[in-house]
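Engineer: Sequence and predicted structure are below.
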Amino acid sequence: MLLAMTLGLLVTMLLVLGRALIGPTLYDRILAVNSFGTKTVLFIAVVGFLAGRPEFLDIALVYALINFIGTVAVLKLSHYGEFGASSQADGGDDL
């Protein structure tokens, strides 16, 4: 049963990778890459369970955090055009 789930994850990863390559908008591509990262986390956890290596769960959690931070960074870059932009649009003084 876990082998079937692993194969299903691989198939959905290929489909999401296709969406990332042909997505009509930038946000579709970002969402597809984020979904690919989530499925990668699941794949690492399942492979770790099948191999009897519980430390793979730690790797999966670290990868999930990196995936989240990377997605937020890419969205900020696409919205503001740079990473260091402040949240104030008027350029006023910070108190």
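Structural biologist: The structure has been received and is ready for your questions.
Engineer: What residues sit buried inside the helix or strand containing Leu75?
Structural biologist: Element membership for Leu75 (DSSP states H and E) is helix 56-80. For helix 56-80, burial by neighbour count (16 or more other CB atoms under 10 Å) applies to Phe56, Ala60, Tyr63, Ala64, Asn67, Thr71. Placement of C-beta: from N, CA and C, glycine included.
Engineer: What sits closest to the second one if chain neighbours are left out?
Structural biologist: Distances taken as CB to CB, 6 or more residues apart in numbering put Ile44 closest to Ala60, at 4.2 Å, once the chain neighbours are dropped.
Engineer: What is the neighbour count of the one you found?
Structural biologist: By the measure other CB atoms under 10 Å, the count of residues near Ile44 is 19.
Engineer: Contacts only, for it.
Structural biologist: Phe56, Ile59, Ala60, Tyr63 (CB atoms under 8 Å, 6 or more residues apart in numbering).
Engineer: pLDDT value on it, please?
Structural biologist: We have a pLDDT of 94 for Ile44.
Engineer: can you start the count at 2 instead of 1 from here on
Structural biologist: Right, with 2 as the first residue, what we last looked at is Ile45.
Engineer: and it, what are its phi and psi?
Structural biologist: Main-chain dihedrals, Ile45, degrees, to the nearest 10: phi -60, psi -40.
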